[in-house]
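S.K.: Show me the folded form of this:
(2 chains)
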There are 2 protein chains.
Amino acid sequence: MSQPQRAPGGFPVVGIIGGGQLARMCAGPAAELGVTLSVLAEAPDASAALVIPSAPVGSHADLAAVLAFARDCDVVTFDHEHVPAPVLAALVAEGMPLHPSPAALVFAQDKVAMRERLTAGGIPVPRWTVARTEAQVEAFGAQTGWPVVVKTPRGGYDGKGVLIADQPADVRDWLSRPETTDTGLLLEERVPFVRELAALIARSPSGQAAAWPVVETVQTDGICTEVLAPAPGIDPALAAQITATALRIAGDLGVTGVLAVELFETPEGGFLVNELAMRPHNSGHWSMDGAVTGQFEQHLRAVLDLPLGDPTPHHPWTVMANVLGGDDEEIYSAYRHVMARDPGAKVHMYGKGVRPGRKIGHVNVSGEDLGDARERAGHAAAYLQGSVRE
Amino acid sequence: MSQPQRAPGGFPVVGIIGGGQLARMCAGPAAELGVTLSVLAEAPDASAALVIPSAPVGSHADLAAVLAFARDCDVVTFDHEHVPAPVLAALVAEGMPLHPSPAALVFAQDKVAMRERLTAGGIPVPRWTVARTEAQVEAFGAQTGWPVVVKTPRGGYDGKGVLIADQPADVRDWLSRPETTDTGLLLEERVPFVRELAALIARSPSGQAAAWPVVETVQTDGICTEVLAPAPGIDPALAAQITATALRIAGDLGVTGVLAVELFETPEGGFLVNELAMRPHNSGHWSMDGAVTGQFEQHLRAVLDLPLGDPTPHHPWTVMANVLGGDDEEIYSAYRHVMARDPGAKVHMYGKGVRPGRKIGHVNVSGEDLGDARERAGHAAAYLQGSVRE
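M.R.: The predicted structure is shown next:
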């Protein structure tokens, strides 16, 4: 039985296209709000399908499957940004409320469209261009200096679809791909940033918005491994400016739901916008335990056009450490050590099979002392992924 | 498909007999821990069945149904205390780990057994006796004074199964019931208490225990309507004594999982134990938002014999207000007002149909000021149940 079962009392059904961990982590908040979830899942054992009763299996690219799925929902939102434009257009033609709308979502789907739009809006971004030939790559490198950051406009995540080129020849393979003729490659200057930051906000269809504090994100090999909330020692004026920028982007682009803006802090004390994501985001996982309203509850409230919840942190510091798949497929037996060592560690696992480097869970630790919280969250995550055993 | 789907990584399946809101509120914490839940539900639309994929329908009193259900689980616990002794015995005979064990659970199932055991252990309780005749009732009333509190030994909850008798004749109907011949009625002195308190602890099979702060519970017509955490102004020595008593009861009785001890605070500054519940309890709902580890996560950790989580409160005060069913079957439209008025109110609804006086949800509010938190939680709950509309 895959049809969502409505609760009595007039509660709606929220559909989520995609059954990854972001859909999964909506399950708890939805149950508490009394809202029914339905997930269009990639497989019967998708992360979200393990915990949500209504999880029909189908592809986000299959128009018929998506339409059949959406007809049982009152509003539809997304676990990822990979739903093709024609599928989105068909949903809109059916009158299905989509959050974010396709008109906004395109700026999270297509990095070139995003760069164009932000540049036109006067938002600070790294210098960029679109290249289809080695000569164009060479010209851009000559202008910004090497190395140059090369990105596929669509489909990248967790370091995939990103290349650091030291010379034009490094891009030759990517330039020769058939899709490059069509879309080109996005070239960006390599920003000599001090650190990476993220701004997370939520915006409702009525236009209400709420912002969590700006956080610092730590990446390892292109994958986010740690988030510090709030960003330690950040100039309050810079934080305010970043939050205002994120709110402006959300308003200008008409984003509904959660919006994550990933940024570089520059040596001059300013910032440049790196990426946008229009859904709950890894940089906001800390809020599940560290704020009055976590990002998954807030996303549901936003897409339902309910008044937004208070994003205030509970504690001076919350640190999130991602658990990445290691060599060991067994995870559960690590719980005994992790929980005995640290009764305050909040462990979140996604029900996903282990593959090296795959995000399979995260740990949040809140407290008064940043160093202590980092050590605790980092140790718990490392122990769960098997990279430390003491 | 009703069989629980295991997550990869060695994670266990926890079975819960009964599909009420207590089972439902385990869903979020179980999803985050990566633990699979399976619920033996009263009906396909039971509160927990709406949010948990594995929810076979069957009666807790049906031996075959319970055994078939339990065979898919690694450990079994309970949403309520109504599973009959022969069913529990059959589970034990099969080698199924049950938490709490039948040997402990009997003291939550049978109020006479509980009174006998606590009395023998020197735990302070109201004066009590068992009566089968009007003459016995009259003798007890003559000894303790009128009115007398009359309870059916089994099956009562939320004020059901409790009678306040002003004279022996008030008990005549209950005495004439066939089951009274068998079990008798429990008579208790009416304690002139100052207020009602509750101690909530968790204990694991390994014997580790953790205690939340002692709370004050406010009852209206025998139904808990408000919980103040911690109990305002409580003498720290009294609170410590109550917590020690709850821990001692859990150890003496071999309770595993969450134990709630309901108590009366006496005018002399002491306490008397009123009731025991061996499962997550209404008096602990505040901990879902108000403590580092909420009672539903803690119950799962305890029944899995995992190290227990930190029960420390996040805030000086958390107030829980129950939402009781009113006249209006529509609930969701009240969200707009409730959430707009108070972005910090944490709303929990159970997916249950409205019946007057039925517990259908609750609201938690945390903060620095008790009066403010009470007003906010109370208003939100009253608005959701339709008893105020402004």
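
S.K.: can we go C-alpha only for contacts and neighbour counts from here?
M.R.: Fine.

S.K.: Bridged to residue A:163, which residues?
M.R.: Beta-bridge partners of residue A:163, counted by DSSP bridges, are residue A:150.

S.K.: What about it, how many residues nearby?
M.R.: Residues lying near residue A:163 (other Cα atoms under 10 Å in any protein chain shown) number 17.

S.K.: Same check on residue A:123?
M.R.: Neighbours of residue A:123 (other Cα under 10 Å): 16.

S.K.: How about residue A:105?
M.R.: 27.

S.K.: ok, it - contacts?
M.R.: When contacts are counted by Cα atoms under 8 Å, 6 or more residues apart in numbering or on different chains, residue A:105 touches A:81, A:255, A:278.

S.K.: for residue A:256, same thing?
M.R.: Contact analysis of residue A:256 by Cα under 8 Å, 6+ apart lists A:99-101, A:202-205, A:250, A:278, A:302-303.

S.K.: Show the average pLDDT along the helix or strand harbouring residue A:375.
M.R.: Assigning secondary structure by DSSP states H and E places residue A:375 in helix A:370-385. For helix A:370-385, the mean per-residue pLDDT is 97.

S.K.: Contacts only, for the residue lying closest to residue A:239 once chain neighbours are set aside.
M.R.: Closest residue to residue A:239 apart from its sequence neighbours, by Cα to Cα, 6 or more residues apart in numbering or on different chains: residue A:214 at 6.2 Å. Taking Cα under 8 Å, 6+ apart, we find residue A:214 in contact with A:197-200, A:229-231, A:239, A:242-243.

S.K.: repeat for residue A:290
M.R.: Residue A:290 touches A:313-315, A:317-318, A:364, A:366, counting by Cα under 8 Å, 6+ apart.

S.K.: of these, closest to chain B?
M.R.: Nearest to chain B among those, counting by Cα to the nearest Cα, is residue A:314 at 6.8 Å.

S.K.: Which residue is it, in the stretch 151-300 of chain A, that comes closest to chain B?
M.R.: residue A:292 (6.6 Å).

S.K.: Is that residue in contact with residue A:308, as I believe?
M.R.: No. Judged on Cα atoms under 8 Å, residue A:292 makes no contact with residue A:308 at a distance of 11.3 Å.

S.K.: Pick out whichever of these two has more residues nearby.
M.R.: Taking other Cα under 10 Å, residue A:292 and residue A:308 do not tie; residue A:308 has more neighbours (26 against 22).

S.K.: can you tell me the helix or strand for residue A:64?
M.R.: Applying DSSP H and E, one finds residue A:64 within helix A:63-70.

S.K.: so who does the spatially most central residue of chain A touch?
M.R.: Most central in chain A under Cα atoms, centre = their mean is residue A:281, positioned 2.8 Å from the mean C-alpha point. Residues near residue A:281 by Cα under 8 Å, 6+ apart: A:22, A:260.

S.K.: distance of it from residue B:24?
M.R.: 26 Å (Cα to Cα, to the nearest Å).

S.K.: which outside residues touch the longest helix along chain A?
M.R.: For chain A, the helix reaching the highest residue count under DSSP state H is reported as helix A:236-253. The contact list for helix A:236-253 (Cα under 8 Å, 6+ apart) reads A:103-104, A:118, A:123, A:199-201, A:203, A:207, A:209, A:211, A:213-214, A:255-256, A:259-261, A:269-271.

S.K.: Mark which of these are buried, thanks.
M.R.: A:104, A:118, A:123, A:199-201, A:203, A:209, A:211, A:213-214, A:255-256, A:259-261, A:270-271 (16 or more other Cα atoms under 10 Å in any protein chain shown).

S.K.: What spatial separation is found between the residue of the stretch 151-300 of chain A closest to chain B and residue B:381?
M.R.: 18 Å.

S.K.: How is chain A divided into domains?
M.R.: Following automatic domain parsing, one gets these domains for chain A: A:13-98, A:127-189, A:195-385.

S.K.: Pull the contacting residues for residue A:137.
M.R.: With Cα under 8 Å, 6+ apart, residue A:137 has these contacts: A:131, A:168, A:171, A:187.

S.K.: Those into a markdown table, with extra columns for neighbour count?
M.R.: Compiled in a markdown table, the contacts of residue A:137 are given as follows (neighbours: other Cα atoms under 10 Å in any protein chain shown):
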| residue | neighbour count |
| --- | --- |
| A:131 | 21 |
| A:168 | 19 |
| A:171 | 19 |
| A:187 | 27 |
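
S.K.: Kindly indicate which of these lies nearest residue A:355.
M.R.: Residue A:355 lies nearest to residue A:171 out of the contacts of residue A:137, by Cα to Cα, at 28.1 Å.

S.K.: wait, what's in contact with the closest one?
M.R.: Contacts of residue A:171 (Cα under 8 Å, 6+ apart): A:134, A:137, A:150, A:165.

S.K.: Could you identify which of these has the most neighbours?
M.R.: In terms of neighbour count, residue A:137 stands highest of these at 27 neighbours, by other Cα under 10 Å.

S.K.: Report pLDDT for that residue.
M.R.: 97.

S.K.: Residue A:156 too?
M.R.: 69.

S.K.: Please apply the same query to residue A:347.
M.R.: What the model reports as pLDDT for residue A:347 is 98.

S.K.: any idea how far residue B:27 is from residue A:28?
M.R.: Residue A:28 is 6 Å from residue B:27, by Cα to Cα.

S.K.: more neighbours, these two?
M.R.: Each of residue A:28 and residue B:27 has its neighbours counted (other Cα under 10 Å); residue B:27 has more, 29 against 24.

S.K.: show me what contacts that one?
M.R.: So residue B:27 contacts A:28, A:31, A:51, B:37, B:48, B:51-52 (Cα under 8 Å, 6+ apart).

S.K.: Now tabulate those residues in JSON lines and tack on secondary structure and distance to residue A:73.
M.R.: Shown next, in JSON lines, are these (DSSP: H, G, I helix; E, B strand; the rest coil; distance: Cα to Cα, whole Å):
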{"residue": "A:28", "secondary structure": "helix", "distance to residue A:73": "19"}
{"residue": "A:31", "secondary structure": "helix", "distance to residue A:73": "16"}
{"residue": "A:51", "secondary structure": "coil", "distance to residue A:73": "18"}
{"residue": "B:37", "secondary structure": "strand", "distance to residue A:73": "25"}
{"residue": "B:48", "secondary structure": "helix", "distance to residue A:73": "20"}
{"residue": "B:51", "secondary structure": "coil", "distance to residue A:73": "16"}
{"residue": "B:52", "secondary structure": "coil", "distance to residue A:73": "18"}
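
S.K.: show me where the stretch 1-150 of chain A has strands.
M.R.: A:13-17, A:36-40, A:75-78, A:128-131, A:148-151 (DSSP state E, counting those that start in this stretch).

S.K.: sorry, back to before: closest to residue B:287 among the contacts of residue A:290?
M.R.: Compare each of the contacts of residue A:290 with residue B:287 using Cα to Cα and the shortest gap goes to residue A:314, at 14.0 Å.

S.K.: contacting residues around the closest one?
M.R.: With Cα under 8 Å, 6+ apart, residue A:314 has these contacts: A:290-292, B:314.

S.K.: Show the end-to-end separation of stretch A:381-390, please.
M.R.: 12 Å.

S.K.: Quick one: residues in contact with that stretch.
M.R.: So stretch A:381-390 is contacted by A:321-328, A:331, A:334-335, A:338, A:362-363, A:379 (Cα under 8 Å, 6+ apart).

S.K.: Repeat the analysis, applying 7 Å as the threshold.
M.R.: A:321-326, A:328, A:331, A:334, A:362-363 (Cα atoms under 7 Å, 6 or more residues apart in numbering or on different chains).
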